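Trainee: Below are the sequence and a predicted model for it; my questions follow.
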Amino acid sequence: MNRKLNMSFGTGAPVIILIFVVLCLTVLASLSLMTALSDFRLTEKSADYTAAYYAADSAAEAWLAEVDAGLSRGTLPESVTASFPVTDRQALQVTISVTDGRLRLLEEKLTAVEVWDYDEHLPQFSDVIVE
Amino acid sequence: MDSRINNQRRKEYRSPDTLCILLLLCVFAFSALMMAVFGANAYTRISTQKELHFQRTTPLFYIAGKVRQTGAPAAVRQDQCGGVPALVFTSDDGGEPCETWIYEYDGSLYELYIDAGAEFEPVDGTPILDSHGLSFHLNGGRLTLTAAGQNGQRSEMTLTLRGGEADE
Amino acid sequence: MNSADRPRSAGVSRLSVFLLELIIVIAFFAMASAVLLQVFAKADQLSDRAENLSCAAAAATDAAERQRTLSPEEIETRRYYYDENWEPLTEGSGPPSFYAEAAPEFSIGEAGTLVSFTITVRQIGESRNDEDQIPLYTLQTKKYYSGKYPQSDGTQEKEDVQ
């Protein structure tokens, strides 16, 4: 009849708190690291592309210097158009004109090296149309 | 009598121990909660920072790419559509003159590719990116762009339009 | 052993077990926190580097293009300053935190001058010599000016090819 209630702490409660908190923190830390890493890689790609564009632009300017030097010696350039690669898919195309021994830059633009072949990459459907 | 004394001794013995353990548990629970809040704040800060610098610089590089693909200064002009200032790039699509309009409208950078001279409304364009303060100024062959993030921080970029017209 | 001792040892024993469990849990929590805090610090560092690189590339592009708008007589080493938020600074406003430096190098050819610009973006550090710091971003660009050589009296006529 005289039952004594022994109040004690629940064994395992701290462990449950630990598991929950460590799980939360691990997920948050992974997400933070993945977000930051993907952002950094994308930014690096953009920065590398900018450097590649200016490298092609520099090559174009050096070509203009060469053509102008040739003109001063009385030599006409082999071609009035030159292409300088920026990436494997883009190139800087430069077009000049020579008038009375004077060099003029007509156009300098980024163009696609490879043109996407729509016919080659048509999606293949295996559906059957039932009428 | 003896059992009452023993019970009292038991309570005296247990009280400070229980209090210490309870205190330790509270400290642990509080630390765990603070760590979880810190982690959440850190993730939010990193995401927000990523978003803000994306908003500031991506419109500039996007428009720079368009300018570099155009080639001739005469093919770039400043115009307006429905009171909205826009940059217009003229191109030739299979013999047909076409225009690419780039403008900021309703918090986004819009792009619209249409036949030259066609009528349209700003809402007809395609939203490309979020934009919170894009402005541009074209003066001769020099284009000055300014973009801002949602927090108002600005980035500027100057571009020169390469190429010219041949002597006739 | 009398009956009064048995409940007391059981209660103390449960308390001891709980205390031991708590201590072990706290030890594991401390170890996990140490590791995860390092991960957060690394993520924060990467995020700052990405922001600085992005803004540095934009600043370098801006500096490179500004050099192209200069006439040959105006070409010299120039710096463009930015505050801690990468906003362009005008003269007299705020302490600069970053700068983009355009350093020209002249190469005189047969018919004109090819000017090479090295654009370097750096963070202004506490040390006096900023060149000791690793640059945030570097860009190389060139601009050709067609025209006559420098005259014997030191003057030169240069014109843009465009």
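Mentor: Received, thanks.

Trainee: As a check, name the ranges of all helices in the chain.
Mentor: Let's take chain A. Assigned by DSSP state H, chain A shows helices spanning A:13-72.

Trainee: hmm, I had chain B in mind actually
Mentor: With DSSP H as the criterion, chain B has helices spanning B:2-70.

Trainee: Setting aside sequence-adjacent positions, which residue approaches B:A42 most closely?
Mentor: Nearest non-adjacent residue to B:A42, counting by Cβ to Cβ, 6 or more residues apart in numbering or on different chains: C:F40, 4.8 Å away. For the C-beta atoms, the positions are set from N, CA and C on the backbone; glycine is no exception.

Trainee: quick check: mean pLDDT across the host helix or strand of that neighbour?
Mentor: Assigned by DSSP states H and E, C:F40 belongs to helix C:5-68. The average of the pLDDT scores along helix C:5-68 is 88.

Trainee: Then stretch C:121-139?
Mentor: When pLDDT is averaged along stretch C:121-139, the result is 79.

Trainee: What separates the first and last residues of that stretch, distance-wise?
Mentor: Using Cα to Cα, to the nearest Å, one end of stretch C:121-139 lies 9 Å from the other.

Trainee: which residue does chain A bring closest to chain B?
Mentor: Relative to chain B, the nearest point of chain A is A:K109 (3.0 Å; Cβ to the nearest Cβ).

Trainee: List the contacts of the nearest residue to that residue once chain neighbours are set aside.
Mentor: With Cβ to Cβ, 6+ apart as the criterion, A:K109 has its nearest non-adjacent residue at 3.0 Å, and that residue is B:G71. B:G71 is in contact with A:93, A:107-109, B:162-163, counting by Cβ atoms under 8 Å, 6 or more residues apart in numbering or on different chains.

Trainee: Let me know the closest of these to B:F89.
Mentor: Using Cβ to Cβ, A:K109 comes nearest to B:F89 of the contacts of B:G71, at 10.9 Å.

Trainee: My guess is the closest one contacts B:P73. True?
Mentor: No - with contact defined as Cβ atoms under 8 Å, A:K109 does not reach B:P73; the gap is 11.2 Å.

Trainee: Give me the distance between the residue most central in space within chain B and C:I108.
Mentor: The residue lying closest to the centre of chain B (Cα atoms, centre = their mean) is B:Q55, at 2.7 Å. Distance of B:Q55 to C:I108, given as Cβ to Cβ, to the nearest Å: 44 Å.

Trainee: coming back round to it: how much space separates the residue nearest to the centre of chain B from B:G133?
Mentor: Taking Cβ to Cβ, one finds B:Q55 at 9 Å from B:G133.

Trainee: who touches both of those two?
Mentor: With Cβ under 8 Å, 6+ apart, B:Q55 and B:G133 have common neighbours B:147-148.

Trainee: would C:T120 count as being in a strand?
Mentor: Yes - with DSSP: H, G, I helix; E, B strand; the rest coil as the criterion, C:T120 is part of a strand.

Trainee: Tell me who's in contact with it.
Mentor: Shown in contact with C:T120 (Cβ under 8 Å, 6+ apart): C:100-101, C:103, C:135, C:137-138.

Trainee: For those residues, pick the one with the most neighbours.
Mentor: Using other Cβ atoms under 10 Å in any protein chain shown as the neighbour criterion, C:A100 leads the contacts of C:T120 with 27 neighbours.

Trainee: so that one, which of the three states?
Mentor: Under three-state DSSP, the three-state class of C:A100 is strand.

Trainee: Which elements pack onto the helix or strand of chain A with the lowest mean pLDDT?
Mentor: Least confident helix or strand of chain A, by mean pLDDT, DSSP states H and E, is strand A:102-112 with a mean of 88. Judged by 3 or more Cβ pairs under 8 Å, 6 or more residues apart in numbering or on different chains; DSSP states H and E, strand A:102-112 is in contact with helix A:13-72, strand A:90-99, helix B:2-70.

Trainee: Any chance of the ones you listed in TSV with mean pLDDT as columns?
Mentor: Listed next are the helices and strands packed on strand A:102-112 as TSV, based on pLDDT from 0 to 100:
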stretch	mean pLDDT
helix A:13-72	94
strand A:90-99	91
helix B:2-70	85
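
Trainee: Now distance to C:L46 too, for those, in JSON lines please.
Mentor: JSON lines is the format used below for the helices and strands packed on strand A:102-112 (distance: least, Cβ to Cβ, whole Å):
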{"stretch": "helix A:13-72", "distance to C:L46": "4"}
{"stretch": "strand A:90-99", "distance to C:L46": "28"}
{"stretch": "helix B:2-70", "distance to C:L46": "8"}
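
Trainee: what's near enough to touch the closest residue to C:L136 other than its chain neighbours?
Mentor: Spatially, and ignoring its direct neighbours in sequence, C:L136 is nearest to C:A56 (4.1 Å; Cβ to Cβ, 6+ apart). Counting by Cβ under 8 Å, 6+ apart, C:A56 makes contact with A:47, C:98, C:100, C:121, C:136-137.
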